[in-house]
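S.K.: Please find the sequence and the predicted model below.
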Amino acid sequence: MATTAQENLPPPLDSKAELPPLFDGTPRLYISYSCPFAQRAWITRNYKGLQDKIKLVPLNLQDRPAWYKEKVYPVNKVPALEHNGKVIGESLDLIKYVDSNFEGPSLLPDDPEKRKFADELFSHIDTFTNDVYTSFKGDPAKQAGPAFDYLEKALDKFDDGPNEALQWMIFLPFVSSFILHRPLKS
């Protein structure tokens with residue numbers, strides 16, 4: 001990781017907040033601190049050491065500013081990255097975009113076999129997330145077990161994984177969220 005300095009996090013903006021300058025050359029990452037999708041992009045930014053290059057703009061999702069949907073990201077979801085005169089959304093797309101358009105340690109492996117495996121992990125995350133969230137309505141151990149089994153087998157495919165940091169970035173925010181919402185029984 002490029003830096004470990006403590007970052008002073010700005011407070012989330014609400015419906016009363018003024019619109020920050022747009023498209024002024026400052027890359028901005030619009031997030032919610034508690035959203036696992038946004039956490040992926042935020043972890044990516046920090047892993048690559050871009051705290052001084054990409055400004056965080058946290059939003060209060062329960063009372064978000066109207067200007068966010070109107071002027072920044074019409075989809076009205078987080079995360080979104082303002083960079084080079086455009087706004088990009090979707091957390092997995094942002095991981096790839098930040099990795100290829102900003103300096104810092106690479107997240108995606110160079111080895112073609114490991115790169116293919118990384119693509120498999122990217123394509124599996126939606127299934128994993130859906131399976132685990134759906135399991136909360138029934139028997140989580142029984143219903144989510146296969147999703148975690150798949151993940152464990154996939155991550156064991158290589159001794160060092162495709163890139164250990166990438167694995168954590170795409171899955172950890174969700175696994176943490178699952179544990180917070182449905183603590184494991186001992």
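M.R.: Perfect, thanks for sending it. The model shown is predicted, which means the values in this text are computed figures rather than measured ones.

S.K.: in the chain, which spans are helices?
M.R.: Counting by DSSP state H, one finds helices in the chain at the ranges 36-47, 66-67, 91-101, 112-135, 140-155, 164-181.

S.K.: Nearest to residue 85, out of these?
M.R.: Within the helices of the chain, the stretch nearest residue 85 is helix 91-101; the backing value is 12.9 Å (C-beta to C-beta). In this view, the C-beta of every residue, glycine as well, is placed from N, C-alpha and C.

S.K.: helices and strands around the closest one, which ones?
M.R.: On a contact count with 3 or more C-beta pairs under 8 Å, 6 or more residues apart in numbering; DSSP states H and E, helix 91-101 meets helix 36-47, strand 80-83, helix 164-181.

S.K.: middle-most residue in this structure, spatially?
M.R.: By C-alpha atoms, centre = their mean, the mean C-alpha position of the chain lies nearest to residue 40, the distance being 1.6 Å.

S.K.: Low-confidence stretches in this structure?
M.R.: Within the chain, the stretches with pLDDT under 70 are 1-5, 157-169, 171, 174-186.

S.K.: at 80 what do you get?
M.R.: In the prediction, the chain carries residues with pLDDT under 80 at positions 1-5, 108-110, 114-115, 117-118, 122, 132-133, 136, 140-141, 143, 151-186.
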